[in-house]
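>>> would you be able to build a 3D model of this:
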Amino acid sequence: MLRLTHGDTVYELLLTNSRDQTSACPSAERNDPANLVSSNPLLYDELILCILRYALITAGILSALYCTLLGLLTTSRFQAHVVYLHAIQMTWGKDLDVPEVFGFLHNQVTPFEIESASGKALYAWHVLPVELYRQHEQKLRTQPTGLSPNITSQLAFQLLRDDPDALLVIHFHGAGGTVGSGYRCPNYRALSAGRPDKLHVLTFDYRGFGRSAGIPTESGLIVDALSVVEWAMNVARIPPARILIYSQSMGTAVNMAVAERFALQEPPVVFAGHILTAPFVDVITLVSTYSVAGTIPILGPIAKVPVLFNYLRRYIYDKWSTKDRIASYIKANEVNRRKYCITLIHAEDDYDIPWTHTPQLFWHAISATRPTGIGFEELELLKSKARIDNGPAGSVVEWKTECGIIREEILKYGLHDVIMGNPIISLAVMRIFNP
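Model (predicted):
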């Protein structure tokens, strides 16, 4: 029963169980609905106004919430939580000091800490390749478990440091979670699958992530990553030629920042290669295209209003301009005549970071190899002639110069995270270490 008033008359709408039967009646007597419509058109006007009123209220509430979100995004602390998602660990209830709960063999992983140049301790894992583990299984079982207070005393570390043929993949993970979250553990296995007797993996949590203390910032994460790479070269004594830096999502921006920093120093340092999975051009471009679960845009509506978007972009604190850093890295290596290798991998069904970011990055990379650069459309034409079509597996374009190899792999499937554990990653590592 629904009661409506019009003037001094009170109507009651009675919905019966009879098929298509609705009766409306004044409180004094019931009338046929058709007669009520014809004799009281203002009643339906009020219904429409009522619906519109509630629709406007709902729209107003949603607009107010969206404006509040935009306001919060202009503050550094809230913005950091949105960009880095470091408060979302995704390993609650699991002890990172017991890697076996993540599917590893007993003592295959050694948890330890690396001191950052900032003085903070960074939580890290050293993951042994499975064949090397098999060869030393008996001794490894007798090693101390849990967080190692002295990594250099561990057999696993010595197997890395003392082997002149050992290869090391340094892993820079994406936003949110810890070293043990999501598809990262399958990713470590995929990284070492090509050389299960030689390929070690070193992964760590940036400041503010997991058990690494601090608040994440662009400059802070770069310092942390540089410290880990320095540890690998100076403590583990692995030369740059035997180090590959792998990264996914946000980690790809860290990867190129580190690559650029070492390439520009004197003397330059260039690593065996860099793999960027699901990279993005820069944060400004990312926020204009990012949608929650691929459906709810964050700043997409604002990006359509250039004046407003240009105003808000001034409040983006951490820019993470990978397009500029990848170009700077390549230019430095071309000038210094240093060998380099970069692989960009992206899945078309990635709903977190649109795959279209990768062709843009590839363009900036290729343009940096030419003194006068190259236009995007011109490059796309050249790519169409050089592209290898792998059908449902996607496509590949490889660009070679006298000094470097730049490879773009666009997959049909793989999402944002699943791709990390796929054979395409193992193959990318093998290509770099065995060109």
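>>> quick one, domains of this protein?
Listed domain ranges for the chain are 2-73, 99-433 (source: automatic domain parsing).
>>> show me the helices in the stretch 51-200 of the chain, by range?
Secondary structure of the stretch 51-200 of the chain (DSSP state H, counting those that start in this stretch): helices at 76-84, 130-135, 137-141, 155-161, 184-192.
>>> for the stretch 201-350 of the chain, which spans come out with low pLDDT?
291-298, 300 (pLDDT under 70).
>>> now the strands: where do they sit in it?
For the stretch 201-350 of the chain, applying DSSP state E, counting those that start in this stretch gives strands covering 243-248, 273-277, 291-292, 296-297, 340-347.
>>> make JSON lines out of those and add mean neighbour count.
Where you see a C-beta, it was placed from the backbone N, CA and C, and this is true even at glycine. JSON lines is the format used below for the strands of the stretch 201-350 of the chain (neighbours: other C-beta atoms under 10 Å):
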{"stretch": "strand 243-248", "mean neighbour count": "26"}
{"stretch": "strand 273-277", "mean neighbour count": "27"}
{"stretch": "strand 291-292", "mean neighbour count": "12"}
{"stretch": "strand 296-297", "mean neighbour count": "12"}
{"stretch": "strand 340-347", "mean neighbour count": "25"}
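>>> now stretch 63-79: buried residues?
Buried positions in stretch 63-79, judged by neighbour count with 16 or more other C-beta atoms under 10 Å: 73, 79.
>>> quick thing: my sequence starts at 37, can you match it?
Fine by me, first position is 37 from now on; the one you just mentioned is stretch 99-115.
>>> which outside residues touch it?
Residues from elsewhere that reach stretch 99-115 (C-beta atoms under 8 Å, 6 or more residues apart in numbering): 118, 251, 334, 338, 348, 351-354.
>>> buried ones from the residues you listed, can you make that a PyMOL selection?
Applying 16+ other C-beta under 10 Å to the contacts of stretch 99-115 leaves a buried subset, and the PyMOL line that selects it is:
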select buried, resi 334+338+348+352+354
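>>> could I get the contacts of stretch 99-115 as a markdown table with distance to Y326?
As requested, the contacts of stretch 99-115 are exported to a markdown table (distance: C-beta to C-beta, whole Å):
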| residue | distance to Y326 |
| --- | --- |
| V118 | 10 |
| I251 | 22 |
| I334 | 6 |
| I338 | 12 |
| L348 | 14 |
| Y351 | 16 |
| I352 | 13 |
| Y353 | 17 |
| D354 | 15 |
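>>> verify the stated contact: H162 with F148.
Yes. Assessed by C-beta atoms under 8 Å, H162 is found in contact with F148 at 6.9 Å.
>>> follow-up on the earlier one: pick the most buried one from the domains of the chain.
domain 135-469 (a mean of 19; mean count of other C-beta atoms under 10 Å).
>>> what about that one, start to end distance?
27 Å (C-alpha to C-alpha, to the nearest Å).
>>> stretch 289-309 too?
15 Å.
>>> same question for stretch 178-197.
Terminal-residue distance, stretch 178-197 (C-alpha to C-alpha): 20 Å.
>>> show me how far it is from its chain's centre.
Taking C-alpha atoms, centre = their mean, to the nearest Å, one finds the center of stretch 178-197 at 31 Å from the center of the full chain.
>>> kindly report the same for stretch 431-445.
23 Å.
>>> so P232 is in contact with E167, correct?
Yes. P232 is within contact range of E167, at 3.7 Å (criterion: C-beta under 8 Å).
>>> distance of R350 from L344?
11 Å (C-beta to C-beta, to the nearest Å).
>>> redo the strands of the stretch 237-386 of the chain as JSON lines? Include distance to A272.
Formatted as JSON lines, the strands of the stretch 237-386 of the chain follow (distance: least, C-beta to C-beta, whole Å):
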{"stretch": "strand 279-284", "distance to A272": "9"}
{"stretch": "strand 309-313", "distance to A272": "18"}
{"stretch": "strand 327-328", "distance to A272": "40"}
{"stretch": "strand 332-333", "distance to A272": "44"}
{"stretch": "strand 376-383", "distance to A272": "21"}
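>>> now the most centrally placed residue in the chain. Its backbone dihedrals?
Centroid-nearest residue in the chain: S285, 2.6 Å away (criterion: C-alpha atoms, centre = their mean). As for S285, its main-chain torsions (degrees, to the nearest 10) stand at phi 60, psi -120.
>>> ok, now how distant is it from L257?
Distance from S285 to L257, by C-beta to C-beta: 13 Å.
>>> quick one: I455 is in a strand?
No. Going by DSSP: H, G, I helix; E, B strand; the rest coil, the assignment for I455 is helix, not a strand.
>>> wait, it touches A464, no?
No. I455 lies out of contact with A464 (C-beta under 8 Å); the separation is 10.8 Å.
>>> mutual contacts of those two, please.
With contacts defined as C-beta under 8 Å, 6+ apart, the residues shared by I455 and A464 are I381.
>>> ok, and for stretch 118-133, which residues are buried?
119-122, 125, 127, 132.
>>> farthest pair within the residues you listed?
The span of the buried residues of stretch 118-133, defined through C-beta to C-beta, is set by V119 and L132 at 23.1 Å.
>>> what sits against F138?
So F138 contacts 130, 216, 221 (C-beta under 8 Å, 6+ apart).
>>> distance to I97 and pLDDT for those residues - can I get that in JSON lines?
Shown next, in JSON lines, are the contacts of F138 (distance: C-beta to C-beta, whole Å; pLDDT from 0 to 100):
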{"residue": "K130", "distance to I97": "39", "pLDDT": "94"}
{"residue": "G216", "distance to I97": "39", "pLDDT": "97"}
{"residue": "C221", "distance to I97": "42", "pLDDT": "98"}
